[in-house]
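**Q** coords please:
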Amino acid sequence: MTGAADLRRTIVVCVLLAAAVAYAIWQVWALRWVTDDAFISFRYAQNLLHGYGLVFNVGERVEGYTNFLWTLIAAFGMRLGVDPVTWAAALGALAYFASAGTWMALSWTLHRRDPSRPFLPLAALCLLVQHDQHVFATCGLETSWVTLFVTLGFVALILATRPRDHYLAGAALTVAALSRPDALVFLVSAVAMVLATSSDRWRAAVRLLAIPVLVYVPYWIWRTAYYGLPFPNTYYAKSGGLAYYEQGVHYLALYLKSYYVLALVPAALAWLLVRSRHSATRPAGSDSRTAWLLLAFLVPYTLYVVRVGGDFMFGRFLLPVAGFGYFALERALVSLSLRRVTVVVVGLLMVILTWSRYDIYTESLIVQGVADEPACYPATWHERAQSSGPMLRSLFEGRDVRVAFTGRYAMWVYYAQPSTAIEAETGLTDTAIAHGPLTARGRPGHEKPASLEYLQSRGVHFLFRPPIESDHPMDRLRVVRLHGFEALMLTYDQALLDTWEGNTDVSFVDFPRTLDRMISDSATASRQEFAELLEFSRGYYFSRQPDPGRRSALERLAGQ
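**A** Coordinates of the predicted model:
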């Protein structure tokens, strides 16, 4: 009877898994989107394919990405003729489902090793219904990909029975680190765990480090020589060397507030560590190894996320360890001396609690500096960039057009392909901005805005940014429309504008004519107003056109 009851429960669990997979497929498709940061990687991949190297701007070696391998994979997809948005979304979704499948396979394997415990793939079920796993599966970033390989490394270690398992773990964690350097935390944690718990600790550690040393170390040497800095430019742009615990605690708290069942993870870890003292009576990998590996993979990385202040995207930095949290709950639950039906019911309750998350974004899209990113980037944004970007490209082609951009306008930069583009909120693609001083802590990834003076010194013509409502006359003078796309002109370049003479798709304020009119009607403005106009004109106009006649007239009217 017991065997028949176990079979029925297993069938029920498998049906629930199938239903969860179907639900996840539906949600991943329904929530599909692409974030602006993905287009930074796409531009690097685009330039690589064109033979310019792994650069954002031709001739400027700045490492403005943190996903080297993912960028190469994007370039490979482009080489095959696949749209990078589609390619990245498909790979991200596949990686997400592969991660869930890996957790399911691990649960089944441990159940087969110790049939006295019920089969309850809680980690897989929770990940299949977790909203933010669906959200970031198709966002175009490497998040799901890194999560998959970190998970594979963990599983290889937890099931390790042969020397080659440590090589496999090292290979998986190397792929993760090549895709995002933060994943090095997991590799260091894994080595520390092996040295602390393995019977043949030194040999196991050497096997674990073999592939990272053979692959990652040469990569690190190459990238340091190529870009000239020991860390990616994004590290400096986001002030990665500075602790930001206050914001990091907010970031973690918001995640736990939404997925409140994960608040039980510390208790589950403590329980598993207590039980690990009796692991000698259990098959290898079921108690002691599970407890210590979970501790090694969960705690250091979570502390790292808290230290750097988290991220401006809700939950993204914590998704790689969400599976470990649910797996800790799973192993703690199946180790309790409860009836199997009770274990299954409690597990399903946890799945339901994960599914019925608390949505913290019911009133605002940004809470404590952390954004509901997909809501900020509806599909219409990408559609508009896809539509107007190529038209901008037709205007920019063959011209040395320099633009600065904020946030979502990375999409337009990718499709418009200006000769030079500078990310202006943090300096991701510009070394000078990234290494600038941090005057005040704020929203992560938005703390070092480029100054107007710096952008003008770089000869930036246009700023791609959201439309602004302003009655200030200087702001009105800057507005330019390119094929209906509105931008701000930061530097008035007469030579560039003359190339568009007669083009009805380009409209802007003729600044020299405006100056002539204001000078001739000097009685209508005060000396102070002319002083302000002169100050504005120095960066905006005279920096590219000396125009001594108009300049001396303005200086006279300004009393200078």
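
**Q** Spatially, what comes nearest to Q27 if we skip its sequence neighbours?
**A** Counting by Cβ to Cβ, 6 or more residues apart in numbering, H134 is the residue found nearest to Q27 once chain neighbours are left out, at 4.1 Å. Backbone N, C-alpha and C define where each C-beta goes, glycine included.

**Q** Tell me if I'm right that D430 and E423 touch.
**A** Yes. Between D430 and E423 there is a contact under Cβ atoms under 8 Å: 6.8 Å.

**Q** overlap in contacts of the two?
**A** Common neighbours of D430 and E423 (criterion: Cβ atoms under 8 Å, 6 or more residues apart in numbering): G64.

**Q** What is the helix or strand where the residue nearest to Q27 lies packed up against?
**A** Using DSSP states H and E, H134 falls within helix 131-137. When contacts are defined as 3 or more Cβ pairs under 8 Å, 6 or more residues apart in numbering; DSSP states H and E, helix 131-137 packs onto helix 2-30, helix 84-113, helix 143-158, helix 319-335.

**Q** Just put those helices in JSON lines and tack on mean pLDDT.
**A** Formatted as JSON lines, the helices and strands packed on helix 131-137 follow (pLDDT from 0 to 100):
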{"stretch": "helix 2-30", "mean pLDDT": "85"}
{"stretch": "helix 84-113", "mean pLDDT": "96"}
{"stretch": "helix 143-158", "mean pLDDT": "97"}
{"stretch": "helix 319-335", "mean pLDDT": "96"}
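
**Q** Let me have those in JSON lines, extended by mean neighbour count.
**A** Shown next, in JSON lines, are the helices and strands packed on helix 131-137 (neighbours: other Cβ atoms under 10 Å):
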{"stretch": "helix 2-30", "mean neighbour count": "14"}
{"stretch": "helix 84-113", "mean neighbour count": "20"}
{"stretch": "helix 143-158", "mean neighbour count": "26"}
{"stretch": "helix 319-335", "mean neighbour count": "25"}
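
**Q** In JSON lines, list those helices along with distance to F462.
**A** As requested, the helices and strands packed on helix 131-137 are exported to JSON lines (distance: least, Cβ to Cβ, whole Å):
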{"stretch": "helix 2-30", "distance to F462": "36"}
{"stretch": "helix 84-113", "distance to F462": "24"}
{"stretch": "helix 143-158", "distance to F462": "31"}
{"stretch": "helix 319-335", "distance to F462": "36"}
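
**Q** Does L488 lie in a helix or a strand, and which?
**A** Per DSSP H and E: strand 485-489 holds L488.

**Q** now swap in V344 and tell me
**A** Judged by DSSP H and E, V344 forms part of helix 340-355.

**Q** Give me the buried positions along that helix.
**A** Using 16 or more other Cβ atoms under 10 Å as the test for burial, helix 340-355 gives 340, 343-344, 347-348, 350-351, 353-354.

**Q** angle of that helix against helix 2-30?
**A** Helix 340-355 runs at 10 degrees relative to helix 2-30, counting by axes from the mean of the first three to the mean of the last three Cα atoms, to 10 degrees.

**Q** same for helix 340-355, what does it pack against?
**A** The helices and strands touching helix 340-355, judged by 3+ Cβ pairs under 8 Å, 6+ apart, are helix 2-30, helix 122-129, helix 319-335.

**Q** among these, which is nearest F186?
**A** Taking Cβ to Cβ, helix 319-335 is the member of the helices and strands packed on helix 340-355 nearest to F186, at 8.0 Å.

**Q** for the closest one, the distance to its chain's centre please.
**A** Distance, stretch centre to chain centre, for helix 319-335: 24 Å (Cα atoms, centre = their mean, to the nearest Å).

**Q** packing partners for that helix?
**A** Packing partners of helix 319-335 (3+ Cβ pairs under 8 Å, 6+ apart): helix 84-113, helix 122-129, helix 131-137, helix 143-158, helix 265-275, helix 288-308, helix 340-355.

**Q** export it as CSV, just CAs?
**A** These are the backbone C-alpha positions of helix 319-335, laid out as CSV (Å, rounded to 0.1, in the frame of the first residue of the first chain):
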residue,chain,number,x,y,z
LEU,A,319,17.5,35.7,-9.2
PRO,A,320,20.7,33.6,-9.4
VAL,A,321,20.3,32.5,-5.8
ALA,A,322,16.5,32.3,-5.6
GLY,A,323,16.7,28.6,-6.6
PHE,A,324,19.1,28.0,-3.7
GLY,A,325,16.7,29.6,-1.3
TYR,A,326,13.8,27.4,-2.5
PHE,A,327,16.1,24.3,-2.5
ALA,A,328,17.0,25.0,1.1
LEU,A,329,13.3,25.1,2.0
GLU,A,330,12.8,21.9,0.0
ARG,A,331,15.5,19.9,1.7
ALA,A,332,14.5,21.2,5.1
LEU,A,333,10.9,20.2,4.5
VAL,A,334,11.6,16.7,3.3
SER,A,335,13.9,16.1,6.2
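
**Q** angle of it against helix 143-158?
**A** Helix 319-335 and helix 143-158 are oriented at 40 degrees to each other (the same axes, to 10 degrees).

**Q** what is the orientation angle of helix 319-335 with helix 265-275?
**A** Going by the same axes, to 10 degrees, helix 319-335 makes 50 degrees with helix 265-275.

**Q** any weak-confidence spans in the stretch 401-550 of the chain?
**A** The model of the stretch 401-550 of the chain has pLDDT under 70 over residues 468-472.

**Q** Figure out the helix or strand that L477 lives in.
**A** Counting by DSSP H and E, L477 is found in helix 473-478.

**Q** Identify the residues contacting that helix?
**A** The contact list for helix 473-478, computed with Cβ under 8 Å, 6+ apart, reads 468, 470, 488-490, 509, 511, 514, 532, 536, 540.

**Q** tell me which residues of it are tucked away?
**A** 477-478.

**Q** And the next helix or strand past that helix?
**A** Sequence order places strand 479-482 as the next helix or strand after helix 473-478, per DSSP H and E.

**Q** So which elements touch that following strand?
**A** Applying 3+ Cβ pairs under 8 Å, 6+ apart, we find strand 479-482 packed against helix 379-396, strand 485-489, strand 506-508.

**Q** go again using 7 Å as the cut-off
**A** When contacts are defined as 3 or more Cβ pairs under 7 Å, 6 or more residues apart in numbering; DSSP states H and E, strand 479-482 sits against strand 485-489, strand 506-508.

**Q** for the first one, which positions count as buried?
**A** By neighbour count with 16+ other Cβ under 10 Å, strand 485-489 contains the buried residues 485, 487-489.

**Q** same question, the last one
**A** Residues of strand 506-508 classed as buried: F508 (neighbour count, 16+ other Cβ under 10 Å).

**Q** picking up where we left off before, scan the contacts of helix 473-478 and report the most crowded one.
**A** Among the contacts of helix 473-478, L490 has the most neighbours (other Cβ atoms under 10 Å), with 24 neighbours.

**Q** I'd say it and R458 touch.
**A** No. Taking contacts as Cβ atoms under 7 Å, L490 lies outside contact range of R458: 9.4 Å.

**Q** between the buried residues of helix 340-355, which is closest to N67?
**A** Closest to N67, out of all of those and judged by Cβ to Cβ, is T354, at 27.3 Å.

**Q** which residues touch that closest one?
**A** If you count contacts by Cβ atoms under 7 Å, 6 or more residues apart in numbering, T354 has them with 126, 129-130, 259, 261.
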